[in-house]
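Chemist: got a predicted structure here, sequence first:
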Amino acid sequence: MKPLLLTPAARLAAAAPSTLSRLLRLQSGRHHAHASSSSSNRLLPPLLRPPRDGFRGGRLIASSSSSSSQMAAPADAPGGSADAFEVIRAHQEKAARLPPVEEIRTILDQSVRGVLATHSQGHVGYPSGSMVDFACDQDGSPILAVSSLAIHSKNLSENPKCSLLVAKDPEDRTDTVITVYGDATPTKKKMQYEVHTYEDILRHFGAAEFKEAKVDPISQFSTPITSHMNKDHSDDTKLIVDFAYMLDVDSLGFNVKAGYDGSVLKLRIPFPRRAQDRKDVKTLIVEMLQAAKASSSSAE
């Protein structure tokens with residue numbers, strides 16, 4: 001196995017909103033932008049099955065502000081289902097989320113596999129892509145685990161420029177997809193040992209900003225938290241929607257796939273405040289469920 005370091009360059013950029021993805025550009029010396037976008041706006045995936053013709057094709061725009069608000073239950077909306085979806089849309093605009101650069105840094109840190117594309121030497125002018133394992137160093141640079149016998153090694157020895165595509169959820173094309181552009185260089189022997197032991201929008205980010213961004217401390221507990229909630233507390237979510245499947249968790253809230261009135265939506269549910277640790281996440285979720293139960297009882 002031949003560890004290679006994919007070095008971040010001068011700029012990181014997110015894809016234009018129409019792509020429903022996040023693009024991480026690490027191409028030295030080039031700061032090209034295709035369109036402008038407010039750094040305070042974030043794009044959410046559209047409804048998986050839009051509930052109304054008037055909403056078809058619409059996108060939910062959400063602010064990355066640190067302020068948060070509780071989820072308004074659809075039953076709270078006057079005027080029936082149409083108003084309920086308007087309440088949901090308004091809620092999603094204000095739902096607190098991680099800043100884009102922190103979200104990208106966190107996704108890369110939690111990922112272990114991606115598609116590496118190199119310049120083919122056997123088919124000149126064409127890219128060659130395949131799945132590779134990787135881990136990020138303390139600066140967020142991907143360290144690639146590539147066999148010395150692999151075609152990628154030969155390609156990179158001739159041309160170190162490459163890209164690494166990482167999907168937050170490979171099964172969901174509307175979820176975040178990150179592409180890292182950069183130059184792959186052989187790692188030092190000390191780092192090779194460390195790597196082997198480690199194996200057991202359109203918004204621009206400067207490389208310095210990316211390196212300074214912190215990995216969200218709660219995201220490392222996302223899998224056990226979501227597994228517990230989906231297995232043991234799925235009945236509680238029916239107080240709010242027909243069903244809800246928790247996808248992932250961070251310090252500002254969690255993302256769910258929910259069903260309401262025959263439609264399936266991906267929603268952001270913010271915490272009433274930032275979670276300090278894993279135990280605090282449980283405290284916040286219990287508080288939110290208790291509030292939902294109280295609201296349901298009073299409505300009856």
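Modeler: Right, received. Where do you want to start?

Chemist: in this protein, which helix has the most residues?
Modeler: Using DSSP state H, we find that the single longest helix of the chain is helix 278-299.

Chemist: next, Ser130: secondary structure please.
Modeler: strand (DSSP: H, G, I helix; E, B strand; the rest coil).

Chemist: hang on, it packs against Leu116?
Modeler: Yes. The pair Ser130 / Leu116 is scored as a contact, 6.4 Å apart, by CB atoms under 8 Å. Using the backbone N, CA and C atoms, a C-beta is placed for each residue, glycine as well.

Chemist: can you tell me the element Pro185 falls in?
Modeler: One correction, residue 185 is Thr, not Pro. Thr185 belongs to strand 177-186 when assigned by DSSP states H and E.

Chemist: all strands of the stretch 151-300 of the chain, in order?
Modeler: Applying DSSP state E, counting those that start in this stretch to the stretch 151-300 of the chain gives strands spanning 161-167, 177-186, 204-206, 243-250, 253-260, 263-270.

Chemist: of these, which approaches Gly140 most closely?
Modeler: Nearest of those to Gly140, taken as CB to CB: strand 177-186 at 9.4 Å.

Chemist: that closest one packs against which elements?
Modeler: strand 2-7, helix 100-110, strand 161-167 (3 or more CB pairs under 8 Å, 6 or more residues apart in numbering; DSSP states H and E).

Chemist: adding mean neighbour count, write the ones you listed out as a markdown table.
Modeler: Shown next, in a markdown table, are the helices and strands packed on strand 177-186 (neighbours: other CB atoms under 10 Å):
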| stretch | mean neighbour count |
| --- | --- |
| strand 2-7 | 21 |
| helix 100-110 | 22 |
| strand 161-167 | 20 |
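
Chemist: who wins for proximity to Ile218 among the ones you listed?
Modeler: Across the helices and strands packed on strand 177-186, Ile218 has its closest neighbour in helix 100-110 (9.4 Å, CB to CB).

Chemist: partners of whichever helix or strand comes after the closest one, with directions?
Modeler: Beyond helix 100-110 on the C-terminal side, the first helix or strand identified by DSSP H and E is strand 113-119. Sheet pairing here is set by DSSP bridges, and for strand 113-119 it gives strand 127-136 (antiparallel), strand 161-167 (antiparallel).
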